[in-house]
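Visitor: Have a look at this prediction, sequence included:
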Amino acid sequence: MDLSVVIPIYNEEGNIPLLYDRLKGVLDGMKVDWEMMFVNDGSRDKSMELLRELGRRDPRVKYLDFSRNFGHQIAVTAGLDHSIGKAIVIIDADLQDPPELIGDLYARHKEGFEVVYARRRARKGEGFLKKFTAKLFYRLLSRITSIDIPLDTGDFRIMDRKVVNVLKQMPEQHKFLRGQISWIGFRQTYIEYDRDQRHAGETGYTYSKMIRFALDGITSFSDYPLKLTTMAGFLVSGVAFLLILYALYSRLVTGDYEKGWASEMVSILFIGGIQLIGIGIIGEYIARISHNVKQRPLYIVADSNTNEKQTHENEKGKKELEDNRD
Ligand code: UDP
Ligand code: MG
């Protein structure tokens, strides 16, 4: 198997037929052995029926059906776990990432790059707030993390089997794949593209999912927020110390001390606020620690048309990588 294409699916009934046609056209034109690995992430529409039908018609269509919605990053992870290609492409189902680009990604990969990601030049049909928050997030993240997470890049990319095998060994429960892949290293490059509009349906990324995703990215790759609370603590203590001096001075020297109520309230509220923020940030990290300690399975597959042998081959790939390392 030369190429696996991993596609997470959440309520994409309006996109699956066209996606399949366009993908199939591109892949057949590339003269490679390919498979499509669809992961149905608890869709509530007809997506799963469509996938089953495709799987019956075309044996190169594989699917996993989750027992519920586990989220985009987990769906992609499951797809990577079960795909067997020497190279693996991750692509969104809504045709925002043009399948036609896969040929270019594959060509660059063949030149010797283990990871070729697609970087968005323009994003059509997305709201101002989404674009603005995404831009802000990626810039913030690159400032506070020590690894180079490429700007304006989603998960649309091609990866060598080597990279996927390493990824499968990274056990964290809160996936931030684009960061993990940067962290893994190897030779990485990118091509640029204009992001299209979503073909049909609506985004499955609600703002609450986006915030969770952003927090996962930050907490997985940066201790900066924790350091920030320490810094804020020092700053506030410094200011408080000056205020104490001032209070003592008013009390003992000028005798003008009853008017201090306002400043007292201000400092109590201020310090209280800083403390709550600090506790909140620590809580975010502790919550993630506790999730990882629980060691629950990352996802539950209710149904699939992939077979044991394939999973077995993946295990073999993992083993080979370990052997190569020794
Ligand atoms: N998706 C998923 N699970 C979710 C949300 C989204 O598998 O909980 C899939 C979705 O079907 C699509 C991809 O992830 O293939 C990207 O999602 P979407 O287009 O909704 O996000 P956006 O492009 O708006 O950021
Ligand atoms: Mg989309």
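Guide: Here it is on my side, so go on. Numbers count the residues shown, from 1 in each chain. Ligands and ions are numbered 1, 2, ... in the order given.
Visitor: In the stretch 151-300 of the chain, what residue spans correspond to helices?
Guide: 161-168, 177-184, 207-221, 224-249, 261-294 (DSSP state H, counting those that start in this stretch).
Visitor: Can you spell out which helices and strands pack onto the last one?
Guide: Helices and strands touching helix 261-294, as assessed by 3 or more Cβ pairs under 8 Å, 6 or more residues apart in numbering; DSSP states H and E, comprise helix 207-221, helix 224-249. In short, each C-beta sits where N, CA and C put it, glycine included.
Visitor: Please name whichever of the ones you listed is nearest to ligand 1.
Guide: helix 207-221 (6.3 Å; Cβ to the nearest ligand atom).
Visitor: So the closest one, near ligand 2 or not?
Guide: No. Judged by Cβ under 5 Å from the ion, helix 207-221 makes no contact with ligand 2; its nearest approach is 11.8 Å.
Visitor: do stretch 109-126 as well
Guide: No. On the criterion Cβ under 5 Å from the ion, stretch 109-126 is out of touch with ligand 2, staying 8.2 Å away.
Visitor: start at 672 instead
Guide: OK, 672 is where the count begins now, so the last one is stretch 780-797.
Visitor: Please measure how far the first residue of that stretch sits from its last one.
Guide: 29 Å (Cα to Cα, to the nearest Å).
Visitor: can you pull the buried residues of that stretch?
Guide: For stretch 780-797, the neighbour count (16 or more other Cβ atoms under 10 Å) marks 780, 784-791, 794 as buried.
Visitor: With stretch 888-903 instead?
Guide: 888-893, 895-896, 900, 903.
Visitor: right, and residue 870 touches residue 687 too?
Guide: No. With contact defined as Cβ atoms under 8 Å, residue 870 does not count as touching residue 687 (10.2 Å).
Visitor: Which one's more surrounded, these two?
Guide: Between residue 870 and residue 687, counting by other Cβ atoms under 10 Å, residue 687 is the more crowded of the two (25 against 15).
Visitor: residue contacts, the residue of the stretch 872-997 of the chain at minimum distance from ligand 2?
Guide: In the stretch 872-997 of the chain, the residue that lies nearest ligand 2 is residue 874 (5.7 Å; Cβ to the ion). Counting by Cβ atoms under 8 Å, 6 or more residues apart in numbering, residue 874 touches residue 765.
Visitor: redo that, cut-off 10 Å
Guide: Applying Cβ atoms under 10 Å, 6 or more residues apart in numbering to residue 874 gives the contacts 681-682, 765, 767, 797-798, 801, 880-881.
Visitor: Could you measure from it over to residue 767?
Guide: Using Cβ to Cβ, to the nearest Å, residue 874 is found at 10 Å from residue 767.
Visitor: Look up the residues that both of those two are in contact with.
Guide: Counting by Cβ under 10 Å, 6+ apart, the common neighbours of residue 874 and residue 767 are residue 797.
Visitor: burial count for the spatially closest residue to residue 722 that is not a sequence neighbour?
Guide: Closest residue to residue 722 apart from its sequence neighbours, by Cβ to Cβ, 6 or more residues apart in numbering: residue 734 at 4.5 Å. The number of residues packed near residue 734 is 25, by other Cβ under 10 Å.
Visitor: so residue 734 sits in a strand?
Guide: Yes. Under DSSP: H, G, I helix; E, B strand; the rest coil, residue 734 falls within a strand.
Visitor: Would you mind confirming that it is in contact with residue 976?
Guide: Yes. Contact status for residue 734 versus residue 976: in contact at 5.9 Å, counting by Cβ atoms under 10 Å.
Visitor: Quick check: neighbours shared by those two?
Guide: 709, 722-723, 726.
Visitor: Out of the residues you listed, give me the two with the largest separation.
Guide: Greatest spacing in the shared contacts of residue 734 and residue 976, by Cβ to Cβ: 709 and 723 (10.0 Å).
Visitor: between those two, which one's more packed in?
Guide: Relative neighbour count places residue 709 above the other of residue 709 and residue 723, with 30 against 16, counting by other Cβ under 10 Å.
Visitor: Pull the contacting residues for the more buried one.
Guide: For residue 709, the contact set (Cβ under 10 Å, 6+ apart) comprises 676-680, 683, 687, 690-691, 718-719, 721-722, 725-726, 732-736, 746, 750, 764, 975-976.
Visitor: tell me which element it falls in.
Guide: In this assignment (DSSP states H and E), residue 709 forms part of strand 705-711.
Visitor: That strand: how far from the chain's middle?
Guide: Mean C-alpha position of strand 705-711 versus that of the full chain (Cα atoms, centre = their mean, to the nearest Å) differs by 19 Å.
Visitor: what are the pairing partners of it, and which direction each?
Guide: Paired strands of strand 705-711, with direction, are strand 674-680 (parallel), strand 732-737 (parallel) (DSSP bridges).
Visitor: Nearest to ligand 1 among the buried residues of stretch 780-797?
Guide: Checking these one by one against ligand 1 (Cβ to the nearest ligand atom), the nearest turns out to be residue 794, at 9.1 Å.
Visitor: The closest one and residue 768 touch, don't they?
Guide: No. Counting by Cβ under 10 Å, residue 768 is not a contact partner of residue 794; they are 11.2 Å apart.
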